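1. Pasting the sequence and the predicted model now:
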Amino acid sequence: MSFPPLGPSDFTADLWSALQPSTSERGRGLRALCGGAYALPLLVPSACERWLTEIAQARSRAPHSEPPNSMHDHGVDLVPLGFGPRLDALLLRLQPLLARLYPHFDGAHLDAHHSYLVEYGRDLDESLAWHADDSEVTLNLCLGEEFSGAELTFLGLRCREHMQTRPKPEEVLSIEHEPGTLILHAGLHRHRVEPIVSGTRRNLIVWARSTRLRRGTPPPAASYCPLHA
């Protein structure tokens, strides 16, 4: 299914005008969280509302869409709904920042992605156990709406060899999502979603991937892992 064009105000065309005034390719407004995770004010409220409206419209035309992955019972894969070009544009715009923040994960060459909407609420997904993502870098953008709980808790960045080790106290940090704020982290940065208390939280997730890294060029380095010898 192809999502119909929206004319001059299409998100692909005016992406940067929809961003928060403090945001730039260099990440002005970027806030360090823990272990290479960051928060970045990205979209203004009207842009978040627009995303949710257009996703809802697209879903109404494809009512039999499947959940985006095995971890979620709700949500939707956005590329089959026609949002691929917009997400390509978002990733391209953030590429200079990702190259600077994530050299160990080939941040300068993230050329593919799996992108989807997650939904947390009492009649939706209510929490998510700890895991790592199938990505080099994950972009987690809160779109809304009104909610409490469902915090994102980080549990330490690890190489695959040490994925099952306990987190250190200083590696555990819970983040309250704010609509319009983007959370950036390495795919191997372990995390979970705490139980939602009330309302509905909808987030855009982009699993950004490097084709060349997955082909073994350059070989993955594990120096980012605090337990790697």
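-> Happy to help now that I have it.

2. CA atoms for contacts and neighbours, from now on please.
-> Will do.

3. For this protein, give me the ranges with low pLDDT.
-> Applying pLDDT under 70 to the chain picks out residues 1-28, 219-220, 229.

4. Select the longest helix from it.
-> Longest helix in the chain, counting residues (DSSP state H): helix 84-101.

5. how far out from the middle of the chain is it?
-> Centroid separation for helix 84-101 versus its chain: 12 Å, with Cα atoms, centre = their mean, to the nearest Å.

6. next one: stretch 73-80
-> Centroid separation for stretch 73-80 versus its chain: 13 Å, with Cα atoms, centre = their mean.

7. now stretch 68-78
-> Chain-centre distance of stretch 68-78: 13 Å, with Cα atoms, centre = their mean.

8. rewinding a little: alpha carbons of the longest helix of the chain, as CSV, please.
-> C-alpha atoms of helix 84-101 as CSV (Å, rounded to 0.1, in the frame of the first residue of the first chain):
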residue,chain,number,x,y,z
GLY,A,84,9.2,4.5,4.5
PRO,A,85,10.3,7.6,2.6
ARG,A,86,9.5,9.8,5.6
LEU,A,87,11.5,7.6,7.9
ASP,A,88,14.4,7.4,5.4
ALA,A,89,14.4,11.2,5.4
LEU,A,90,14.5,11.3,9.2
LEU,A,91,17.4,8.9,9.4
LEU,A,92,19.3,10.8,6.7
ARG,A,93,18.8,14.1,8.5
LEU,A,94,20.1,12.6,11.8
GLN,A,95,23.0,10.8,10.1
PRO,A,96,25.7,13.5,11.1
LEU,A,97,24.7,13.3,14.7
LEU,A,98,24.5,9.5,14.7
ALA,A,99,27.9,9.3,13.1
ARG,A,100,29.4,11.4,15.9
LEU,A,101,27.6,9.6,18.7
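
9. residues of it that come out buried?
-> By neighbour count with 16 or more other Cα atoms under 10 Å, helix 84-101 contains the buried residues 84, 86-88, 90-92, 94-99, 101.

10. Downstream of it, the next helix or strand is which one?
-> Using DSSP states H and E, the helix or strand that directly follows helix 84-101 along the chain is strand 112-120.

11. Remind me what that next one packs against, helices and strands.
-> strand 76-77, strand 201-209 (3 or more Cα pairs under 8 Å, 6 or more residues apart in numbering; DSSP states H and E).

12. 10 Å instead?
-> strand 76-77, helix 84-101, strand 137-144, strand 196-199, strand 201-209 (3 or more Cα pairs under 10 Å, 6 or more residues apart in numbering; DSSP states H and E).

13. Just send these back as TSV, with distance to His113 too.
-> Rendered in TSV, the data for the helices and strands packed on strand 112-120 read as follows (distance: least, Cα to Cα, whole Å):
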stretch	distance to His113
strand 76-77	11
helix 84-101	8
strand 137-144	9
strand 196-199	27
strand 201-209	4
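
14. so who does Leu182 touch?
-> Taking Cα atoms under 10 Å, 6 or more residues apart in numbering as the criterion, Leu182 is in contact with 30, 38-43, 138-143, 203-205.

15. Thanks again, I'm all set now.
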